[in-house]
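>>> I'll drop the sequence and a predicted model, then ask my questions.
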Amino acid sequence: MSPQSNGTDSLSEVTKQAILQWVHDGDPETKHEMYFYASMKGTLFFKSWNVDTASEFWLAMFGLFALGFISEVVKSFRGCLVTEAAIDAKNSENKPILGGNEPNRNYWEKCCVHGILTLVYLIETLLMILLMLAFMTYNVNFIAAALLGVVIGYFLFGYSRVQNAAHC
């Protein structure tokens, strides 16, 4: 064996150990599952948010359901704001809340309106990213709770988005 290959082998072993330390904190038994599984135990969002007991599990399930439900409420709220602004813009006696082309509006009012829409969009995107992270746990129970929240939220609030899209 040449001295050069021995150095390469030790380098690859050091690299392997560094990766194990970085990914698993030195313990290969604490790995993230990369397949779907159903369990009442898991880690949600942060390493310290371990779900170990039945009460923690049901709290996590309720929280994920609420997260999905609220994301649909926020999405519908943003759609209603934009749709109402378009309807109010047609009525000349109203000063629409979100009408961007309103000549009576000064620059500051336009910035505030755009800022409100941007804030609602930020909240919507943050909720969707959290739902994506819940899906990435691969825990079927967590995924089902998040999906159920989104579906029920859409059932209760999404119909207005479908009606408004039909009028466009």
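Yep, it's here. Since this is a predicted model, take the numbers as computed values, not measurements. Numbers count the residues shown, from 1 in each chain.
>>> biggest helix in this structure, by residue count?
Longest helix in the chain by number of residues (criterion: DSSP state H): helix 54-90.
>>> Run the angle between the helix or strand following it and helix 54-90 for me.
For helix 54-90, the following helix or strand on the C-terminal side (DSSP states H and E) is helix 107-135. Here helix 107-135 runs at 150 degrees with respect to helix 54-90, directions being taken by axes from the mean of the first three to the mean of the last three CA atoms, to 10 degrees.
>>> could you point out which element follows helix 107-135?
Elements were assigned by DSSP H and E; along the chain past helix 107-135, the next helix or strand is helix 140-157.
>>> ok so, going back, return the list of helices and strands in contact with the longest helix of the chain.
Using 3 or more CB pairs under 8 Å, 6 or more residues apart in numbering; DSSP states H and E as the contact criterion, the secondary-structure elements in contact with helix 54-90 are strand 50-51, helix 107-135, helix 140-157, helix 159-167. Any C-beta I mention is one placed from the backbone N, CA and C, and that applies to glycine too.
>>> try 7 Å
helix 107-135, helix 140-157, helix 159-167 (3 or more CB pairs under 7 Å, 6 or more residues apart in numbering; DSSP states H and E).
>>> Go through those and pick out the most buried.
For these, the stretch with the most neighbours on average is helix 140-157, a mean of 18; neighbours defined as mean count of other CB atoms under 10 Å.
>>> Show me the shaky parts of this structure.
Within the chain, the segments meeting pLDDT under 70 span 1-11, 18-33, 85-106, 160-168.
>>> hmm, 80 instead?
Along the chain, the parts satisfying pLDDT under 80 run over 1-37, 39, 43, 47, 81-114, 159-168.
>>> can you redo the helices and strands packed on helix 54-90 as TSV with distance to G42?
Output for the helices and strands packed on helix 54-90, formatted as TSV (distance: least, CB to CB, whole Å):
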stretch	distance to G42
helix 107-135	10
helix 140-157	7
helix 159-167	33
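>>> From the rest of the structure, what touches stretch 116-130?
For stretch 116-130, the external contacting residues (CB atoms under 7 Å, 6 or more residues apart in numbering) are 67, 70-71, 74-75, 77-78, 81, 98.
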